[in-house]
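Trainee: no FASTA, just this:
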């Protein structure tokens, strides 16, 4: 029997076309839902994993209803040292999303070949059998980083993030990129809420002056590179 998906939620994404980061943040703070920042902004680093044939990428651009993305994520300005990395698997099932998250041991990435480094980290971590089997054929496919601002509505029902300074890098011979592409000017907003609040979501969405968009940082990175 397939285990139930964890942390089911809806996610809506927006592109803040024509807005600077400061303007987008100001609009969010003036929203009727009284969004307020709940964490200091921080840098997000990701190594995305995919099959050699880039199955996850193709399933996304083809609009496959049941699909996934796998990444190793850590926070902070240093891309070469991950003090508290996490293995995350995003699961899409039609209109709803879920996420698995597992703590990994610290990673010293500087100069290391990523695939054996990550494989050793996965081997030392207790992981569900299905996830572990999915990792057998996965390989590092893309590195990206960006700055994220975190907001929560006054009633605590809606979470919102604002991402900016999105950068991508090619994984060269299995290593982290020596340099990243210049930051994109795009500002990306994500609204996240539980299934029980779906009836209230349209009012929240309609008060955001941004374009609803189907956007994946992983897909955007591969296509840009």
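Mentor: Perfect, I can see it now. Bear in mind that the values here come from a model prediction, so they are computed numbers and not experimental data. Residues are numbered from 1 along each chain as shown.
Trainee: SS state for residue 132?
Mentor: Using DSSP: H, G, I helix; E, B strand; the rest coil, the secondary structure recorded for residue 132 is helix.
Trainee: Isn't it up against residue 123?
Mentor: No: taking CB atoms under 8 Å as the contact criterion, residue 132 and residue 123 are not neighbours in contact, 9.0 Å apart. C-beta here means a position set from N, CA and C on the backbone, and glycine is covered the same way.
Trainee: the more surrounded of those two?
Mentor: Relative neighbour count places residue 132 above the other of residue 132 and residue 123, with 13 against 10, counting by other CB atoms under 10 Å.
Trainee: Kindly state the pLDDT recorded for that one?
Mentor: Reported pLDDT at residue 132 in the predicted model: 92.
Trainee: Ok, residue 111 next?
Mentor: Residue 111 carries a pLDDT score of 80 in this model.
Trainee: Would you quantify the distance from it to residue 175?
Mentor: The spacing between residue 111 and residue 175, counted by CB to CB, to the nearest Å, is 7 Å.
Trainee: The two: which is more packed in?
Mentor: Between residue 111 and residue 175, counted using other CB under 10 Å, residue 175 has the larger neighbour count: 16 against 8.
Trainee: give the contact list for that one.
Mentor: For residue 175, the contact set (CB atoms under 8 Å, 6 or more residues apart in numbering) comprises 111-114.
Trainee: Would you map the helices across this protein?
Mentor: Along the chain, counting by DSSP state H, helices occupy 21-29, 55-61, 114-123, 129-135, 198-206, 217-224.
Trainee: List of residues touching the third one?
Mentor: What that stands for is helix 114-123. Outside of helix 114-123, the residues within contact range by CB under 8 Å, 6+ apart are 47, 49, 72, 85, 87, 104-105, 107, 109, 132, 135, 139-140, 171, 174-176.
Trainee: let's see 10 Å
Mentor: When contacts are taken as CB atoms under 10 Å, 6 or more residues apart in numbering, the neighbours of helix 114-123 outside the stretch itself are 47, 49, 72, 82, 85, 87, 102, 104-109, 112, 131-132, 135-136, 138-140, 143, 171, 173-176.
Trainee: Name whatever forms a beta bridge with the nearest residue to residue 52 once chain neighbours are set aside.
Mentor: Of all residues not flanking residue 52 in the chain, residue 139 sits nearest, at 6.2 Å (CB to CB, 6 or more residues apart in numbering). Beta-bridge partners of residue 139, counted by DSSP bridges, are residue 50.
Trainee: again with residue 163
Mentor: Those that pair with residue 163 in a beta bridge, by DSSP bridges, are residue 148, residue 188.
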